[in-house]
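Chemist: sequence? don't have it. structure:
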Ligand SMILES: Nc1nc2c(ncn2[C@@H]2O[C@H](COP(=O)(O)OP(=O)(O)OP(=O)(O)O)[C@@H](O)[C@H]2O)c(=O)[nH]1
Ligand SMILES: [Zn+2]
């Protein structure tokens, strides 16, 4: 599990490094707050997406399911700054579906870790492929990276878009076209 003591020590060091007085009133509880916050932000490391995806429901029609505009907040592993936006998940069932909320839960499990957007996109797709054994999965993520906006190159409003396809989406281009039509 997350080592709260280590995080508190590290935050004190960071504050000292900045040149702050770690004992001043406004900062006194900050190491403790950050340790608790990290439990929340990085709690996905200690969760298994398969736990959320194990309950499935039988369906007769294997038509494409899309859950779009799933908002998420994650952290870029290079700068420890947030990136956030929307995830869209499409899949073509093969006789079974999951509860819709479980798609958003899957996004949460992988977003609450240190991430790269490309990797986050792929992990969501792979978790669905593994649990549901669907005919295909497509995951698209649109996000703004704060390491691109508040520092460095400073390009607010720029969006990073990633798409990962698995199964039938790789073989059949019409399915991707159908996804983009349904997204409109
Ligand atoms: N591929 C990818 N890159 C990311 C992601 N999040 C942040 N980055 C990039 O990671 C790169 C790290 O580059 P470095 O040159 O090692 O670090 P840096 O000097 O801080 O880079 P600058 O941001 O250009 O100032 C930057 O180009 C970031 O924009 C992500 O999710 N995926
Ligand atoms: Zn970054």
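Modeler: That came in fine, so what should we check first? Nothing here was measured: the structure is a model prediction, and the numbers come from that model. Residues are numbered from 1 along each chain as shown. Ligands and ions are numbered 1, 2, ... in the order given.

Chemist: Helix or strand: which one has residue 91?
Modeler: Using DSSP states H and E, the element containing residue 91 is strand 82-92.

Chemist: quick one: the residue most central in space within the chain and residue 130, what's the gap?
Modeler: Closest to where the C-alpha atoms of the chain average out (CA atoms, centre = their mean) is residue 111, at 2.6 Å. Applying CB to CB, to the nearest Å, the value for residue 111 to residue 130 is 18 Å. C-beta here means a position set from N, CA and C on the backbone, and glycine is covered the same way.

Chemist: now do residue 104
Modeler: Counting by CB to CB, the gap from residue 104 to residue 130 is 18 Å.

Chemist: hang on, the earlier thing: enumerate the positions of the strand holding residue 91 that are buried.
Modeler: Buried positions in strand 82-92, judged by neighbour count with 16 or more other CB atoms under 10 Å: 82, 83, 85, 87, 88, 89, 90, 91, 92.

Chemist: residues making contact with the helix or strand following it?
Modeler: Tracing the chain C-terminally past strand 82-92 and defining elements by DSSP H and E, one meets strand 96-98 next. Applying CB atoms under 8 Å, 6 or more residues apart in numbering, the set of residues contacting strand 96-98 from outside is 53, 55, 56, 57, 58, 59, 65, 131, 132, 133.

Chemist: So for strand 96-98, what gets flagged as buried?
Modeler: The neighbour-count criterion (16+ other CB under 10 Å) identifies 97, 98 as the buried residues of strand 96-98.
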